[in-house]
Structure formats: C-alpha cells, structure tokens
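> Sequence and predicted model, in that order:
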2 protein chains.
Amino acid sequence: MQQILDYIKTNEQRFLDELFELLRIPSVSADSKYKQDVARAAEFIKTKLIEAGADKVEVCPTAGHPIVYGEKIIDPKKPTVVVYGHYDVQPADPVNLWTTPPFEPVVRNGKIYARGSCDDKGQVYMHIKAFELMMRTNSLPCNVRFMIEGEEEVGSANLGDWIKANKSRLTGDIILISDTSIVANDIPSIEAGLRGLSYVEVEVTGPNRDLHSGVYGGAVANPIQVLCEMIASMKDENQHITIPGFYDKVLELSKTEREDLNRTPFDLDEYKKDLGVEDVRGEKGYTTLERTGIRPTLELNGIWGGYTGEGSKTVLPSKAFAKISMRLVPNQSSDEITKLFADHFKKIAPKSVKVEVRPHHGGEPVVTPTDSVAFKAASMAMEQTFGKKPIPTRGGGSIPIVALFEKELGLKSVLMGFGLDSDLIHSPNENYGLFNFYKGIETIPLFFKNFVELNGK
Amino acid sequence: MQQILDYIKTNEQRFLDELFELLRIPSVSADSKYKQDVARAAEFIKTKLIEAGADKVEVCPTAGHPIVYGEKIIDPKKPTVVVYGHYDVQPADPVNLWTTPPFEPVVRNGKIYARGSCDDKGQVYMHIKAFELMMRTNSLPCNVRFMIEGEEEVGSANLGDWIKANKSRLTGDIILISDTSIVANDIPSIEAGLRGLSYVEVEVTGPNRDLHSGVYGGAVANPIQVLCEMIASMKDENQHITIPGFYDKVLELSKTEREDLNRTPFDLDEYKKDLGVEDVRGEKGYTTLERTGIRPTLELNGIWGGYTGEGSKTVLPSKAFAKISMRLVPNQSSDEITKLFADHFKKIAPKSVKVEVRPHHGGEPVVTPTDSVAFKAASMAMEQTFGKKPIPTRGGGSIPIVALFEKELGLKSVLMGFGLDSDLIHSPNENYGLFNFYKGIETIPLFFKNFVELNGK
C-alpha cells in the first residue's frame, strides 16, 4: 500500500500532464469530422500502453473507429483481468456554455475540466497508470489485457464483430470497467446493475415542401404539431409509458430489494436544489432512486424542425425530427423495445403525415452479482483506499457492451467507477476530481491483488 | 393599352435584367449578418425610382432597416396613389433544398427562381417599371408616392413610427399593394381580406444544465417532452384551438358569405396531390378554403432543443424552444391574442419547468370592401388585361401594415397581387412567373387610369 502511494506521489504531475495530452485530442466519435482525432487518440493510448510495459499492443481497425489492444501475460496459470474502457468522447456542444474550452483541459477547485475528463478518458488513464505502477514496482499479481475502444459514445457498433473475431486472445476471468460513478467522495459505491438502451431517431413528414404558414396553415398537417402530439401521447398522466407491451418483461424487484436500494443516501431537496427545479417528475409509485435505477424510461434527447434561427419565419415545415432514447431494465430486450416503439409510432401517426423510425443503437440491461469474487475484490479494494465499505447501487446509465461480453466471452464485468454524478458528463463543463483520478490509480492495484488472493491462485 | 404593350415589349429584357440585379442582393431582414445587403437593396430601389422619374427620393433611416420614399406629384388636385411594398426577403434556409442558389436568379420553364422573386421584390419591381412606363409615355394620370420598406418579413417593427413622423407627406387616396396571389393565371382574383398575426417564441427550462439522460432520465422533467405536451394540448381532437377566449371575438361569416367564398375554384384532390399528402388536417366543420381564409390558426413554425447533430447523444437537455404563429381574423386583436396565449402557456406549465413567452411581432386582420372605388378600379384593370373578371378571395397570409395604414393615415388598401400559391414563397425554390411579372406591369397603369376615372377627377 505504501509502495502504491509513494509511486503515485512521485509521478503525480506526470500522470496529470499525460492525461491532459489525451484530453486535448477532440476524439468525438459521433461526428465524422473528428475521424482523424479519434485515430490520434487511439495512437496515444497505444504509445502509453507500450511505455507502461504492455506487450502485443495494436491499434485494431474496425468498420468504424479502431480498438486498442494490449496485454501482459506473466503466467498462463494465473487469473487474467480484462480491462475495458473507451477513448472516444461525447460531442462538446453547446460549446458556448463551457467556462473554458472543452478540449483545453484545466484544473479549477481540484477538478479537471474537459470533455472526456471523467467519461471515459480520465478513468481509462487511471488503469494505464495503475498498470505502469504495478509493472515498475514489480507487483503485477496476474495477467492483464486491455481493450480500449473508440465507439462507446455511439453504441459500440463494431466491438461485437471484433470480439467475435478475437475470441482466442480475449480469454480471461473478469472484465474490469471504470466508466461509472460513486455516490460521493466519502460514500464509495459499486454499480451492481446497469440499464440497457434503445435509441431511435424519428422523422415526421407533412407536406412535400416547406409552405407559407399563412397560405396553408390550418389546412395541412404541421409535422411539428403532429410530432409533439405523438410524443405527448407516449406518456400518461402518471408518467407511465404508453407503448403497448413496453413493461411486459420488466423485472419487478421484491419489497426487500427496493428497501435496500432506497437505503442509498439521497436528499430530494438537495437534488432539486442542485438541478434548480421546483419539482421532480417521474413515474408514479416510485422514488427518484428507483426511477433512475430499476425502472425503464423514455427520454427526448433532441428535437428539431422548421425555422430555428434568429427572428421569425412564417413557415409550415415539411419535416420534423426527434431523437428518443429508452433506458431498459432486466429483462427487457433492446431489439424488442425498439420494435415495439417503431410499431407503435407508425400506428399512432395520423394519415396526414408519413413517419420513419431509424434505430441508432442499443444495449441490453445487466445485473452484476454482488456475491461474486470480482465484486468482493472490488469492494475490499475500495474499503482499503476509502476507509469505508462501498455500497452496491443500481446505475441509470447504460454500458451496452457488458451484456455483449457476457454473451460472446462468457465473462462477467465488475463496474468499479470513480466518477461523481455531478461530473457533468455529456454536458458542458464536464469535470473529474483530482481526488478521484488518483484514488482510482490507488485502488486498481488493490483490486488485482484481492482478485488473485480471493481466487486462491 | 397598345402603348403599354409596346413599351413592355421594347424593354422586356432590361426589366428582367434589372430585377435580377435586385434579386442578387441577399436582403434577409431577419438575420443581422445581412444588414449591409439590406441597405444595398434600399439603395438599389432608390436609384431605380430616380431613374424612372420620381422626385424627392430618399432612403429614410429607421431604428431597423430603412424605408425608401419617392413621389411624383403632377397636380395636387388629382388623386394620389400610395404604392407600398418591401424589398427585404425571408431567410433562404434550408439552402440545400434549392435547385439553384437562392440569390443567383435564373429563368426555368418560364419562371424566375430566386428568394424574393415573388415576395416581394418581383412585385415591387413591377410597380417601379409601371411607373417608368407611365412617365416615359406621358400617361401618368395622377399623383403617386412610393413607400418601400425593408422589414416586412420581420413584422414591420419601425414602419409605424416612421409613418407617424411622416404623416404630412403621406397624404393620398388609396394604398396599392402587390404582395398577394391570384388563384391561377387564367383565374385572376383580388384579396378582399387578410388575416392578422401574432408570433411568439417560447422557451421551456427544465434542469439548470444539460444532464445525462441515463443518470437523470425518468426522474427530472425533460423540457422537450413538456413542450410537446403543452403544444399538443393546445388543439383538441377537432383541431380547435384550446386557448381560453381564443375564438371569442372571431367574426362568423353568414351562410351566404361562406357559400360565396366556397365558390372559388378549388380541387381538394389536386391540392393533396400537389402537397404530397394523403389527407388534409384542419378545424372540423370548415372547408380548406375557409380554414385558410376566414378561420384563425395556430401553427408551429419551428422547434428545437437538445442534441440535433449527427449520430446520438444521450442528453436530457436543459431547454427546449418553439416558434409559434397564430393567424387572426376579424375582429381578433393581435395584442389580445398574444396575451391570451402567454397567459395560457404559463398556466398549463407543470411546476417542474419554467417557461417564458417572447412576443415577436403581430398585425391586425383586415377586410377590404369590394364595393369601394379602388377595388373596382383594380377589378376593371385585371379584367382588361386577363380578359376575365377577377374573383374576390380571402387570403390566409397577413400584411400587418394594412391595418396600420388605416389607423395612422386613414387610408384603405387595395391588394392587387400577381403571385400564385405555387410560387413557394418562404420556401426553397421560390419563383415568380415571367407571365405574372409582365402582366403586373401591364395591369398597374390601367389601375391608375381606372382609379382616376372612377373618382371623376
């Protein structure tokens, strides 16, 4: 333990400088104009894995952005930890709401501000530096493989194919992922479940061209109006989603499980104050923790149509669009829900418009068993570094690849993340605490140690 | 009459070349980045009025874009026609839907394609050339004043003040405006009524920042969802607007008046085919002609919020916006309706969001008496040039300044426009027929002649 702390102390500034270098690369996977930057970020990860001591490091091309692979096999008889993470980031817009530019990292009040600082470059880099630490201090207790991808923020479309093609070199015992949050810096926690995702884009077409709203208004279906009506109809007054069959496969938790979940420290007044809202809004009969953890949702991520510029234009537009995502819980299936959505959306469209539903990407919900060796190893490691036993939580976000790893590689994942819900990931001013960054580097080697010891190898 | 046709024939190409020059100036009043271009368009109008023989021509500055004034007083005892028009145009976006660039006019299939070709540069220019014709052929039978403004497409915000300050030089007998349409090239018509306008922009704010939809979705009001619900609630299943008091002052037409109106040639199947829609959609109990002519409307002109770029982003946005316009009929008042809307919008907002309503601009509905001297003069002129008596129609669009002229100058307006509903004004590929352009130049001098004769002066 002291060895770990000493190594971090000595290399503190360098670790941060290197992370800043990575954060300066605008590796936005969703936007094709950043393709070269995404490639640069992959090369950076490769270089740093090699420098840290990994073997067989390779930037593996895919139909989309590449996956960086590397490994250190010290003894085939020892357990193997497969570290997964992603070096791509969310788009930074609206850029004008950032206090400092999204790709010019700075430290303010003990926090690193930059797009990707927490999600997931900062957390991936903890793993690379923890690996370097174990290599340099001769304390790596087992084998390790790295699999750092560049398409997590756009649904990991090409990871599945790559995994299928590389099954032979992806053998291991556990997947370790840091892409989630703890409750607070003094309340460590580990994600014991993650929701799945179904993401669609819809297009509503009214007339075949933009019209003058004075000449045609009132007589022709306005696609914005119709889209709004369709969206509004998808939730009832209890904020229940009205898509037929949507809840059919939802796993209802037992009374005890719900009680356990609601034991997570949570202050509704603080929550409302932090968000600047007078009231929360969600499914009737469930607490906020349940609404964001164990219940499926339907959220509007974007909407556009007609004239959105300065001033006014009296147009009756031809088209309106929306991006809609649904978070799924066990045992909902992403493909099934996407189909239910598409069928319903087409069914409720009035004859005066045409609609199209384009599925973007999806992912299956997962639950990590809290009695597994890996979960215990993570729990012990956090207790050792935070001085407090972490609580198991149910995360609202989705890491679709967790279900993929289980299906293709037969490997469970442990979700030992170090972010905070206040890190503004996916928002302007994303940040990541220096405390959290270094605490991660400190905790990861202990996970490796605990995992090997608990495995009895 | 032959003199008119001869002059047009001789100068045909020059008239068109000059109009093209005007159309090349992107005088988009709504967008401040075109401010210099709007000013250039005003200078162009000034030059052409001087060349045609007008006196006291002046580009009059306002708090916004300037107004071009010019006059020719041949005899104070003779009637005075005040010609109104506008040299500003609608924004051209979405520019990618134009077959040829919006500010590079071309003639295809007998039509001039360019932003403003019909609305209203093409129609304004008919007046300048008709004036030139009357001057050069010594046939101007009365006095004329020109008042060509640059803010019609953004609500003529500064015209009222300018008129008040210039009342003494704006004396006259009638306002003549060409900014409307005829039914078809073989079915001439004159607008006998115009709807008013109330235009607002609304803003709905949920949380105080963009959030991750996985972490917060399902628990916090999504401003897009709420905006959609609010918009959807503003019309009932009969497409009746639900704002309390909205219809209170609507002037209901008599059975005979409605029958007259519905006598306008109209083919619903052709209408649907032209727009590419399977069905129309409008207020129950009214025909399409009534819905667009004598009934008030509420139309969504634009909506935006959240992520609207390429790919997907799982954001729960802080804000959502919409631009909404309401067309008004006698005896609704623009200010009253704007207030009813704002009050209602605020009232129906759930506690979990904050809303703001920003009025853009408005205008009062007007009716032009068909038994007036001016209407008769226009009707006779059209009959002379089209060979067919024009039918009186009720226009859906709004020219808010018509009510202003009546109030401030005590002058009625005659709406003798030459466009077609298929001219795609406010849309990509706006166009104006060469037939219509030259027919306007031919008809206007006859209006002047008839107006003087019918006045018996």
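Sure, I can see it. Residues are numbered from 1 along each chain as shown, chains lettered A, B, ... in the order given.
> ranges for the helices of the stretch 51-200 of chain A?
In the stretch 51-200 of chain A, the helices defined using DSSP state H, counting those that start in this stretch lie at A:121-136, A:159-165.
> quick one: contacts for A:Asp119?
The contact partners of A:Asp119, by CB atoms under 8 Å, 6 or more residues apart in numbering or on different chains, come to A:89-90, A:179, A:419, A:423, A:425-426, A:430. Every residue, glycine included, has its C-beta placed from N, CA and C.
> mind redoing it with 10 Å?
Residues in contact with A:Asp119 (CB atoms under 10 Å, 6 or more residues apart in numbering or on different chains) are A:86, A:88-90, A:152-153, A:179-181, A:397, A:417, A:419, A:423-426, A:430, A:432, B:212.
> Then A:Arg195?
Neighbouring residues of A:Arg195 by CB under 10 Å, 6+ apart: A:292-297, A:326-330, A:332, A:363-366, A:394-400, B:214, B:217-218.
> quick one, which of the helices of the stretch 51-200 of chain A is packed in tightest?
Greatest average neighbour count among the helices of the stretch 51-200 of chain A goes to helix A:121-136 (a mean of 25), per mean count of other CB atoms under 10 Å in any protein chain shown.
> pLDDT score for the residue located most distally from the centre of chain A?
The C-alpha centroid of chain A is most remote from A:Val215, which lies 47.0 Å away (CA atoms, centre = their mean). Listed pLDDT for A:Val215 reads 82.
> Please report phi then psi for it.
Per-residue torsions, A:Val215: phi -80, psi -40 (degrees, to the nearest 10).
> Verify the contact between it and B:Glu191 for me.
No - A:Val215 is beyond contact range of B:Glu191, at 11.4 Å (criterion: CB atoms under 10 Å).
> Out of the contacts of A:Arg195, which sit inside helices?
Taking DSSP state H as the definition of helices, the contacts of A:Arg195 contribute A:292-293, B:214.
> closest to A:Ile163 among the residues you listed?
B:Gly214 (22.8 Å; CB to CB).
> Tell me where the stretch 251-400 of chain A has strands.
With DSSP state E, counting those that start in this stretch as the criterion, the stretch 251-400 of chain A has strands at A:297-306, A:315-316, A:319-328, A:354-363, A:366-367, A:391-394.
> Sorry, slip of the keys, the one I care about is the stretch 1-150 of chain A.
With DSSP E, counting those that start in this stretch, the ranges of strands along the stretch 1-150 of chain A come out as A:55-60, A:67-72, A:80-86, A:106-108, A:111-113, A:143-149.
> Just send these back as CSV, with mean neighbour count and distance to B:Lys129 too.
Below are the strands of the stretch 1-150 of chain A laid out as CSV (neighbours: other CB atoms under 10 Å in any protein chain shown; distance: least, CB to CB, whole Å):
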stretch, mean neighbour count, distance to B:Lys129
strand A:55-60, 14, 68
strand A:67-72, 24, 68
strand A:80-86, 24, 65
strand A:106-108, 14, 63
strand A:111-113, 24, 62
strand A:143-149, 25, 66
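> Just put those strands in JSON lines and tack on mean pLDDT.
Below are those laid out as JSON lines (pLDDT from 0 to 100):
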{"stretch": "strand A:55-60", "mean pLDDT": "98"}
{"stretch": "strand A:67-72", "mean pLDDT": "98"}
{"stretch": "strand A:80-86", "mean pLDDT": "98"}
{"stretch": "strand A:106-108", "mean pLDDT": "97"}
{"stretch": "strand A:111-113", "mean pLDDT": "97"}
{"stretch": "strand A:143-149", "mean pLDDT": "98"}
